[in-house]
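# Sequence first, predicted coordinates after that:
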Amino acid sequence: MDEAGLTNPKVREFVKEYAELTGADRIEVVNASDDARLLEEAVAAGELEKAGEGRYYSRSYHKDTARSEERTIVATSDEKDRGVYNNWRHSSEMKPKLHDLMRGASAGKTMYVVPYLMAPAGNALAPWAAGVEITDTRTVVLHMIRMARVGVQFVNDLEDPGHFVKAVHVTGDLENLGQGTDGDKRYFVTVADERTILHFGSSYGGNALLGKIAHGLRQGAYDGWASKKFLAEQYMLIGIDDKETGRRYHICGGFPSASGKTNLAMMAAPDALGDRYHVSFYGDDIAWLWVEEESGKLYGMNPEYGVFGVAKDTNENTNPNALASVGHGTDCIFTNVAYNPTTGEVWWEGRTKEKPRDRHGWLDWTGSPVADRKDDDTAPWAHPNSRFTTTLANVPNIAQDYDAPMGVPIDAIIFGGRTRDREPLIRAITDLAEGVYDGLTLGAEATSAAEGKEGILRYDPMSNRPFMAYGEGDYARHYLDVVGAATDQPIFAHVNWFQRDAEDGHFLWPGYRDNLRPLLWLLQLKNGEVKGRRTAVGIIPTEEELDLEGVDIAPEDLDRILSIDKARWQQEMGFREEHLGQFDRMPEEIWEAHRRVAAELDSEV
Ligand code: GTP
Ligand code: SPV
Ligand code: MN
């Protein structure tokens, strides 16, 4: 710690405590400047392989490929923090459990100490953004360096030396943890009122990169509520430049996991609109929102420093910027995609229309040669949740001021889920309570028969269901208070890129780059340049108002995505009532919004 210049006495205490508990052999404090050496070490140790020049490949344990919601817990010392989704447990139960699991579990390993900041330096919310992750896995360190601002300078000079998040990651013996069985030993716990994160039993993604989901979302949300100052949301954040008028807008918004945030944030404007509009990337997974003191406006910033993006279906057409961000020389890391060690190539489903023709040398995500597969083996080569990790500076449309301390003023907040019917392309909502109500009733299709009945959504309030840190009613209150305090109210909207044809299942809307079109309409609506068509569930665009130049869509499909299916909506209102009824202390404004929408639906002809 001396050698690395880690001077904060509280951080040193924390490191010592957990070095003793986990029994690690040695301690290594990490700065971002250690990246090249750590990469080399990881390659030498076989933890990473080279995927051509300046690109890396890693494989996670085959039962450790995604977040586990059942094993994720928010613990505090106050039962009032129990919500429907946060798997609340008392901290006096969970802390000893995790300490027992971690005791001696890093024996023989190096314990890396990763000081980080989940904010641009100097940001108004930086006091809640400092943390120290200790981890026994080198590839986790390499991911953290890409995903967060890392270095001792972020914790040495804290105003209150004890005000940092203590994040402990112990991988455990992955082959003997009973993942997904009744004897599952994994636990991913945020002790929110102690600002302590204890994760045991995984080295993948949000389970292991503790700055990201555990601090950036769960702890951040709890801190935002406890301080009454901010919101921490699973939102993307983009800027849209109108080069004709010189105006600049910012939109943030939440879609559940694997529902299009990264793709929207990396969007290249459709060719027909590219001369006039440019989309810039601020964030693709997390935004913290607060009211800026001087202007009184709602501001947003991305606490992350990198992208941990879904590989599937990323290609030159759907997302050219994503491909460029993982090109040679970017030092990106691919995880669980298909890999060819002979050529250094990587591949995933949807990367190209056909699989690589010459199968020789290709290994699937488990490391098995695909050439050995039986002809009828249809298992994907890449894991469906395989991902790429790249730092923000590699993203071609990164906003010029992404690292600036100020953050950006928010013009619009959008919600969207994967819904195959009912939800139109876009419906705008101008009332705050109705917007929050809409976010709270956000849902996505049930993904398997077990998860729900036809037509009933898996509700995912504000796309935060897996990250909810405290009670949902209190969350709604806090959301209304934070956004309600802003001088200029953002416009809300619900979007859906995923409506499908009932017969052949094709997507009615081409999606991806064309998603800019409904967003432009939303901004025009906010500016009073278009009127739209009023419905019980919001304002929807008329066909004439949407700029559809160059869009490949059948007239009947367009009709469908711009209309409201009243019967389906009336059915949905019943489900919503049940959904909202589960939550304690749901503010009356939200119930009023619900009743207003229901009554309007019933009175509409
Ligand atoms: P997390 O990182 O898990 O939070 O996901 P995300 O919300 O960032 O989702 P992402 O952008 O990575 O997209 C997930 C999947 O949806 C990918 O396979 C995309 O190709 C696909 N997808 C994204 N946008 C669209 C769209 O507009 N239309 C269609 N049909 N698919 C899309
Ligand atoms: C998500 O699952 O929403 C992610 C990936 O963004 S992870 O970091 O693994 O949670
Ligand atoms: Mn996410």
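Happy to help now that I have it. Ligands and ions are numbered 1, 2, ... in the order given.

# all contacts plus neighbour counts: C-alpha atoms, from now on.
OK.

# confidence score at the nearest residue to residue 212 once chain neighbours are set aside?
Using C-alpha to C-alpha, 6 or more residues apart in numbering and skipping residues adjacent in sequence, the residue nearest residue 212 is residue 206, 6.4 Å away. If you check residue 206, the pLDDT there is 95.

# who's in contact with residue 381?
Counting by C-alpha atoms under 8 Å, 6 or more residues apart in numbering, residue 381 makes contact with 337, 338, 347, 348, 349, 363, 364, 365, 370.

# Who are the contact partners of the last one?
When you say that, I think you mean residue 370. 359, 360, 362, 363, 364, 381 are the contacts of residue 370 under C-alpha under 8 Å, 6+ apart.

# got the contact list for the fifth one?
Translated: residue 364. Going by C-alpha under 8 Å, 6+ apart, residue 364 touches 337, 338, 339, 370, 380, 381, 382.

# and it, how far is that from ligand 3?
Distance, residue 364 to ligand 3, by C-alpha to the ion, to the nearest Å: 24 Å.

# tell me the average confidence for the strand or helix carrying residue 40?
Using DSSP states H and E, residue 40 sits in helix 35-44. Mean per-residue pLDDT for helix 35-44: 98.

# Where does pLDDT dip in the stretch 301-450 of the chain?
Residue ranges of the stretch 301-450 of the chain with pLDDT under 70: 446-450.

# for whatever residue of the stretch 451-600 of the chain ends up closest to ligand 2, helix, strand, or coil?
In the stretch 451-600 of the chain, the residue that lies nearest ligand 2 is residue 466 (8.4 Å; C-alpha to the nearest ligand atom). Of the three states, residue 466 takes helix under DSSP: H, G, I helix; E, B strand; the rest coil.

# Sticking with the nearest residue in space to it that is not next to it in sequence, tell me its helix or strand.
Computed as C-alpha to C-alpha, 6+ apart, the closest residue to residue 466 that is not its neighbour in sequence is residue 69, at 6.3 Å. Counting by DSSP H and E, there is no helix or strand that carries residue 69.

# how close does residue 69 sit to ligand 1?
According to C-alpha to the nearest ligand atom, to the nearest Å, residue 69 and ligand 1 sit 13 Å apart.

# go on, residue 335?
13 Å.

# hang on, the earlier thing: my read is that the residue of the stretch 451-600 of the chain closest to ligand 2 contacts residue 84, right?
No. Contact criterion C-alpha atoms under 8 Å: residue 466 and residue 84 do not qualify, at 10.7 Å.

# more neighbours, these two?
The neighbour count for residue 466 versus residue 84, taken as other C-alpha atoms under 10 Å, is higher for residue 466 (23 against 15).

# dump the residue contacts of the more buried one.
69, 85, 86.

# got it, and residue 537?
By C-alpha under 8 Å, 6+ apart, residue 537 lies in contact with 427, 429, 597, 601.

# Wait, a helix at the last one?
This points to residue 601. Yes. Using three-state DSSP, the secondary structure at residue 601 is a helix.

# Could you check the pLDDT of the closest residue in space to it that isn't next to it in sequence?
Nearest residue to residue 601, sequence neighbours excluded (C-alpha to C-alpha, 6+ apart): residue 536, at 5.3 Å. Per-residue confidence for residue 536 comes out at a pLDDT of 97.

# SS state for the closest residue to residue 22 other than its chain neighbours?
Excluding its sequence neighbours, the residue lying closest to residue 22 (C-alpha to C-alpha, 6+ apart) is residue 104, at 4.4 Å. In three-state terms, and counting by three-state DSSP, residue 104 is coil.

# Count the residues that sit near residue 33.
11.

# Please list all residues in contact with residue 14.
For residue 14, the contacting residues are residue 166, by C-alpha under 8 Å, 6+ apart.

# so where does it fall, helix or strand?
helix 9-22.
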